[in-house]
Every structure is written in structure tokens, then in C-alpha cells.
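Peer 1: Task: produce atomic coordinates for the following.
(one chain, ligands or ions: 1)
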Amino acid sequence: MREPYGVRLAALVEERGPLCVGVDPHPGVLRAWGLDADVAGLERCARGMVEALGGTVAVLKPQSAFFEAYGSAGVAVLERTLADIAHAGALSLLDVKRGDIGSTMDAYAAAYLTDGSPLAADAVTLSPYLGFGSLDGAIGVARAHGRGVYVLALTSNPEGPQVQHAVAADGRTVGQVVVDEAARRNAGAVPGDVGVVVGATIGRTGTRFDALNGSILAPGLGAQGGTAAGLAEIFGAALPLVLPTTSREVMGAGPDPERLRSAAAGVVASVREVLRPV
Ligand SMILES: O=c1ccn([C@@H]2O[C@H](COP(=O)(O)O)[C@@H](O)[C@H]2O)c(=O)[nH]1
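Peer 2: Purely as a prediction, here's the structure:
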């Protein structure tokens, strides 16, 4: 029986540092690595990332879209990449941003969160915009298998605030409602397996994370303009919960494995400065 996701994450972050590196084999990255933008290039790039970083970085986050773009052959590469991550000893966080009615979510949970599925990851990203309760079945499956979920709350893209800063009838923003719903699912767990996604680019929003008791995935460092110093302004006392993530910032150092490791270590050092418990 696998330990709960929150416990496994805390142990690996303690050992390897607070960083999730995105595996985003964008066609531009493939070309910069001297590879063709085809399935062979995709495989060399994605599995090369895991070979270089799987033994030193706590979490690796494949972006499903870059694999799906090559059809079933690309999805097969994703399956092998997930297996490599498990073999290397890192946690896998599959960025798929799924969200649908409950019965369809059950099928997504079978695909991404169930032992024995070739696409199973240690955690996945989910979208709450069909109502947070539509995710409860998937959260239950994740929990039963020692896996986790990250629910989109305040995303890093500039279009997010149109929806996520909208104010609900009780005066809370939509983003705050998502954080509070995640907190409710984490109550009593140490730490919980329902994380949230909050961009490293969003600045001060007044969102409260004090009751969350779960991981906060913070994308947007580097290419999107987020900085380690900016994390303090966004998260304040919740900084110890933050798992910063960056893709292009590290992948740009490839394909040389030493340079990839050194780029990741540089990001870990800069976020460690900021993420010390306050
Ligand atoms: O709010 C969000 C949620 C997810 N992402 C994903 O993270 C990476 C970011 O890549 P960078 O190269 O570090 O910009 C990408 O896969 C996004 O889909 C996000 O950026 N923001």
C-alpha cells in the first residue's frame, strides 16, 4: 500500500528541494535541442529530461498536450515517460487539466489515477469549472491509490482573472472558493492530497491559503515572468506549501544532462531562499 501523496511529496521535497520541472517537449524546444519535431524527437527530448533530472528533482510534470499532438504514438511516448519517472524515483504530475461531469470523470480517474493504467501518474491537474463537487469521484480514486490532484484556482495566464476573480454570491472570489473547497477535502489529513494551482505570476490577490493543508503548485516562473522573490508577495505565510514549477527555464539548458541539472539546481537554490518557513 502506497503512502498518501501529501506524505510522499513532503519527503521528496525535503530530500531534493522544492521544485517541479515541467516536461514540455514543445516543437521549439525540440529544434533547440537539435531534434526533429517528430515522434522520435519527442521521445529523445522527454525521456532525456527524465534521464537527466529524475534522480535529483522532486517532481516532473509532463504536459500531456505536447504528447497528444503526435496522436497515439505520442501518447505511447507519454506512457514510457511516466514509467521512466517512476523508475528514476521522482514523482510524476501529469498536467492534463481534466474536468467533466461525474460519470466521465470516473473514466479520467481510471486512466490517470488507478494502479495498472499505463497513463497513471502520482498526481494530475484537474479543472473545477463544472463545479468542485464533480471532481469528488476522482479525488476519492486518487486518495485510494496514494495519489493526488491539483485543482486550478488562480492560473498563471493573463486571461484567468476574468473567471477566477469573479465574485460569488457570498463575496468570495471564484479562486478563493476553489481553495476553500480543496481545504475542506484536506481537513484532518497530514498533509492533504488535494492541491491547488496558483500562478507565480498573479501578484497580490488577497486569497487566503491558511486552511488549505495541501500543496500549492505555482507555475509561471521564468518564461512567463514569475520570480522566486514574487512568491513571497503572493503566498506570505503559506510559502512552505508552495511547489514552484517551471518548464522552459530549465529545458532551455538542454540537451546536455549536466547543464539541465545545473539549471534545475539554480532554480532550487533561488526558491529555497524564499520558501523558508516563516
Ligand atoms: O496556471 C497554469 C497552469 C499550468 N501551466 C502549465 O505549466 C507549464 C508552464 O511552462 P513554462 O515553460 O514554465 O511557462 C505549461 O505546461 C503550462 O501549460 C501554466 O503555465 N499555468
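
Peer 1: And the pLDDT at the spatially closest residue to A37 that is not a sequence neighbour?
Peer 2: Here the nearest residue to A37 in space, its sequence neighbours aside, is P27; by CB to CB, 6 or more residues apart in numbering that works out to 4.0 Å. In this view, the C-beta of every residue, glycine as well, is placed from N, C-alpha and C. P27 is assigned a pLDDT of 96 by the prediction.

Peer 1: same thing with R276?
Peer 2: With respect to pLDDT, R276 scores 64.

Peer 1: Please tell me how far the residue nearest to A37 sits from G266.
Peer 2: The spacing between P27 and G266, counted by CB to CB, to the nearest Å, is 25 Å.

Peer 1: Over to R172?
Peer 2: Using CB to CB, one obtains 38 Å as the distance from R172 to G266.

Peer 1: T81 too?
Peer 2: When distance is defined by CB to CB, T81 is 24 Å away from G266.

Peer 1: Spit out the contact partners of the residue in the stretch 51-200 of the chain positioned nearest to the ligand.
Peer 2: Distances between the stretch 51-200 of the chain and the ligand by CB to the nearest ligand atom are smallest at T155, namely 3.1 Å. Taking CB atoms under 8 Å, 6 or more residues apart in numbering as the criterion, T155 is in contact with 164, 197, 199, 219.

Peer 1: Just the ones of those in strands?
Peer 2: By the criterion of DSSP state E, membership of these in strands covers 197, 219.

Peer 1: ok, back up a step: what's the neighbour count on the residue nearest to A37?
Peer 2: Applying other CB atoms under 10 Å, we find 15 residues neighbouring P27.

Peer 1: So it versus the ligand, what's the distance?
Peer 2: Distance of P27 to the ligand, given as CB to the nearest ligand atom, to the nearest Å: 13 Å.

Peer 1: Surely R8 and H145 touch.
Peer 2: No - under the criterion of CB atoms under 8 Å, R8 makes no contact with H145, lying 11.7 Å away.
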